[in-house]
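Asker: generate a structure from the sequence data that follows.
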Amino acid sequence: MSYTLIGAFYTLLCVFLAALKAVVSGELLTGDLKLHPIDLLSKMCPLALLQIGTAAVLSGEVSQIYDRWTELAQSAALQVVLLSGILSFSLNVSSFIANKVTSPLTLCIAANVKQVLLVAFGTLYFGDAVTLLNGVGIIIVIAGSLKYGLMSVSEKW
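Answerer: Numbering: from 1, shown residues only. The predicted model follows:
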């Protein structure tokens with residue numbers, strides 16, 4: 001197992017930003033504004049496009065696409081990008097609807113369980129060995145999620 005400080009930093013930053021997005025979108029969907037999920041997307045997308053567009057230009061992706069445009073135009077790349085956009089839009093709408101119905105904490109816990117299940121199934125599928133640290137992490141996430149689920153259900157009764 002390899003560990004770098006920059007990798008840990010980016011991991012923690014992504015976890016923080018994902019949680020922040022869940023909390024802010026939950027407030028915008030259920031707070032004073034009570035936005036519809038599509039309305040919230042229409043307000044978030046221009047800024048996201050600006051951010052991702054800037055990152056694509058700075059990383060050189062745009063020039064690489066431009067250089068290979070004839071090759072890409074003859075392949076299924078455009079259809080894959082279109083399908084990816086449709087699926088991403090659908091994922092965001094369903095995520096916002098789930099956030100409106102549940103809570104940001106529930107969504108974050110569900111996302112953590114999803115990540116653990118992906119690691120567990122990927123480990124089984126590819127035949128990788130689970131280290132002690134990975135196993136302990138998987139058990140902690142599943143146990144914490146189970147405890148949260150049980151506490152949430154008991155509070156509703």
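
Asker: name the SS class of L33, please.
Answerer: coil (DSSP: H, G, I helix; E, B strand; the rest coil).

Asker: so the residue of the chain most remote from its centre versus A77, what's the distance?
Answerer: For the chain, the C-alpha farthest from the mean C-alpha position belongs to T70; by C-alpha atoms, centre = their mean, that distance is 32.2 Å. In this view, T70 and A77 are 11 Å apart by C-beta to C-beta, to the nearest Å. Just so you know, the C-beta spots here come from the backbone N, C-alpha and C atoms, and that holds for glycine as well.

Asker: before we move on, back to that, buried ones in the host helix or strand of the residue farthest from the centre of the chain, by neighbour count?
Answerer: In this assignment (DSSP states H and E), T70 forms part of helix 69-74. The neighbour-count check on helix 69-74 (16 or more other C-beta atoms under 10 Å) flags L72 as buried.

Asker: now do that helix, average pLDDT.
Answerer: Average pLDDT, helix 69-74: 92.

Asker: and the gap between the residue most central in space within the chain and Y3?
Answerer: Central residue of the chain (C-alpha atoms, centre = their mean): A18, 6.8 Å from the mean position. Distance, A18 to Y3, by C-beta to C-beta: 21 Å.

Asker: verify the contact between the residue nearest to the centre of the chain and C108 for me.
Answerer: Yes: counting by C-beta atoms under 8 Å, A18 touches C108, with 7.1 Å between them.

Asker: any stretches of the chain with poor pLDDT?
Answerer: 1 (pLDDT under 70).

Asker: what about the helices in the protein?
Answerer: 5-30, 37-59, 61-67, 69-74, 77-101, 104-126, 132-156 (DSSP state H).

Asker: could you tell me the angle between the longest one and helix 37-59?
Answerer: Taking axes from the mean of the first three to the mean of the last three C-alpha atoms, to 10 degrees, one finds helix 5-30 and helix 37-59 inclined to each other by 150 degrees.
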